[in-house]
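Colleague: structure here, sequence nowhere to be found:
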């Protein structure tokens with residue numbers, strides 16, 4: 001029974017590590033967006049400025065970045081790790097109840 005607190009610490013550590021990795025990935029994605037979009041604007045300006053095709057990249061990549069931000073900052077409760085833990089516990093309880101019937 002002495003091992004249980006260590007196991008809980010390990011779970012907390014793994015969740016925190018995953019959260020940090022998710023944040024790093026999002027900030028890398030944001031940095032790439034902020035560096036690459038001006039480059040596309042420059043290329044568009046130098047080649048054919050009458051048709052502003054860079055907006056397709058700005059909007060498309062911006063939508064992807066928005067989804068990524070939503071997943072990292074907002075979506076933790078909706079199908080996130082907390083939801084997973086609740087669902088696992090629910091399924092384990094159902095299995096235990098079915099075993100005794």
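Modeller: Yep, it's here. Everything quoted here is computed from the prediction, not taken from an experiment.
Colleague: biggest helix in the protein by residues?
Modeller: Ordering each helix of the chain by length in residues (DSSP state H) puts helix 3-47 first.
Colleague: which helices and strands sit right next to that one?
Modeller: If contacts are counted by 3 or more Cβ pairs under 8 Å, 6 or more residues apart in numbering; DSSP states H and E, helix 3-47 sits against helix 54-69. In this view, the C-beta of every residue, glycine as well, is placed from N, C-alpha and C.
Colleague: just want the angle from the longest helix of the chain to helix 54-69.
Modeller: Here the directions of helix 3-47 and helix 54-69 differ by 170 degrees (axes from the mean of the first three to the mean of the last three Cα atoms, to 10 degrees).
Colleague: roughly how far is helix 3-47 from the heart of the chain?
Modeller: 8 Å (Cα atoms, centre = their mean, to the nearest Å).
Colleague: per-residue confidence averaged over it?
Modeller: In this model, helix 3-47 carries a mean pLDDT of 90.
Colleague: how about stretch 82-90?
Modeller: For stretch 82-90, the per-residue pLDDT averages 80.
Colleague: buried sites along it?
Modeller: Neighbour counts over stretch 82-90 (16 or more other Cβ atoms under 10 Å) mark no residue as buried.
Colleague: contact partners for residue 22?
Modeller: Counting by Cβ atoms under 8 Å, 6 or more residues apart in numbering, residue 22 touches 71, 72.
Colleague: measure it to residue 16 for me?
Modeller: 11 Å (Cβ to Cβ, to the nearest Å).
Colleague: then residue 73?
Modeller: In terms of Cβ to Cβ, residue 73 sits 16 Å off from residue 16.
Colleague: now swap in residue 85 and tell me
Modeller: 15 Å.
Colleague: for residue 88, same thing?
Modeller: 19 Å.
Colleague: with residue 55 instead?
Modeller: 39 Å.
Colleague: of the two, who's got more company?
Modeller: Taking neighbours as other Cβ atoms under 10 Å, residue 55 and residue 16 compare with residue 55 leading, 13 against 10.
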